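[1] Sequence first, then the predicted structure, then my questions.
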Amino acid sequence: MTGINIVPVKFYKNTFLKKIIKELNSRFHSDISLIALDLDVEETYSEDRGQFFSSQIIALSAPLTQTIPGKVLMITEVDLFVPVLTFVFGEAQLNGKHSLVSVCRLHEEFYSGISEDELLFQRTMKEIFHELGHCFGLLHCIDWDCVMHSSQGIEEVDIKGNFYCKICARSIDGLK
Ligand SMILES: [Zn+2]
Ligand SMILES: [Zn+2]
């Protein structure tokens, strides 16, 4: 199985990234690397919405990552949107190379004003596994215990399971 490359995009929490990498290493046999990309996402910012256009960020990253083998998982602090939705937690290319996860709306502060580091980490890992799952060709799963269940809001992120169900896991090579 090819590697997974973690790319911070407007994301500066190194301790948090290390924790993510450690967790991915415990779940996948593939090499997990942290890489830096010279990616300027300002042109994807919508003044009207105060958010960044996730599909455009993925499109901008494609030419910069052509020679990098494996998957590219971008992690950002900024709020993301696609035109038909108020916001997205992330986006991925189905059976493709690129995925993007925003932690903006995974912070408990966003909802209650209270900071909860462990909850933020759990939510972030769920969304990372979810978007990576799409890159590995998985569609949404009807099983609420499965991380591939779709999440329209934060309650649904919290309700769903924190890893792939047995059926979804079978479709991913290289899971531990
Ligand atoms: Zn999805
Ligand atoms: Zn599933």
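    Okay, I see it. Ligands and ions are numbered 1, 2, ... in the order given.

[2] how deep is L24 tucked in, by neighbour count?
    Residues within reach of L24, counting by other Cβ atoms under 10 Å, total 19. (C-beta placed from N, C-alpha, C; glycine too.)

[3] Quick check: beta-bridge partners of the closest residue to it other than its chain neighbours?
    Distances taken as Cβ to Cβ, 6 or more residues apart in numbering place I32 nearest to L24, at 4.6 Å, with adjacent residues excluded. For I32, the beta-bridge assignment (DSSP bridges) gives partners I4.

[4] repeat for A92
    Assessed by DSSP bridges, A92 has beta-bridge partners S99.

[5] ditto for M74
    Beta bridges link M74 to V7, L100, judged by DSSP bridges.

[6] How about the contacts made by it?
    V7, P8, V9, I57, I58, S61, H98, S99, L100, V101 (Cβ atoms under 8 Å, 6 or more residues apart in numbering).

[7] Excluding chain neighbours, give the residue nearest to the spatially most central residue of the chain in space.
    With distances taken as Cα atoms, centre = their mean, the residue of the chain nearest its centroid is V101 (3.0 Å). Closest residue in space to V101, ignoring its immediate chain neighbours: G90 at 4.0 Å, by Cβ to Cβ, 6+ apart.

[8] again with F16
    Going by Cβ to Cβ, 6+ apart, F16 has F121 as its nearest residue, at 7.4 Å.

[9] where's the one you found, which helix or strand?
    Element membership for F121 (DSSP states H and E) is helix 117-135.

[10] centre of the chain versus that helix, how much separation?
    Chain-centre distance of helix 117-135: 6 Å, with Cα atoms, centre = their mean, to the nearest Å.

[11] Identify each buried residue in it, please.
    119-135 (16 or more other Cβ atoms under 10 Å).

[12] now the helices for this protein?
    For the chain, helices defined by DSSP state H occupy the ranges 14-27, 54-61, 109-112, 117-135, 154-159, 166-170.

[13] Does anything pack onto the third one? Which helices or strands?
    Read that as helix 109-112. If you count contacts as 3 or more Cβ pairs under 8 Å, 6 or more residues apart in numbering; DSSP states H and E, helix 109-112 packs onto no helix or strand.

[14] would you list the contacts of M74 in TSV and tack on distance to S171 and pLDDT?
    Formatted as TSV, these follow (distance: Cβ to Cβ, whole Å; pLDDT from 0 to 100):
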residue	distance to S171	pLDDT
V7	24	98
P8	28	98
V9	27	98
I57	26	98
I58	22	98
S61	25	97
H98	19	98
S99	16	98
L100	21	98
V101	20	98
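
[15] Show me which of the residues you listed are buried.
    Among these, the ones that count as buried by 16+ other Cβ under 10 Å are V7, P8, V9, I57, I58, S61, H98, S99, L100, V101.
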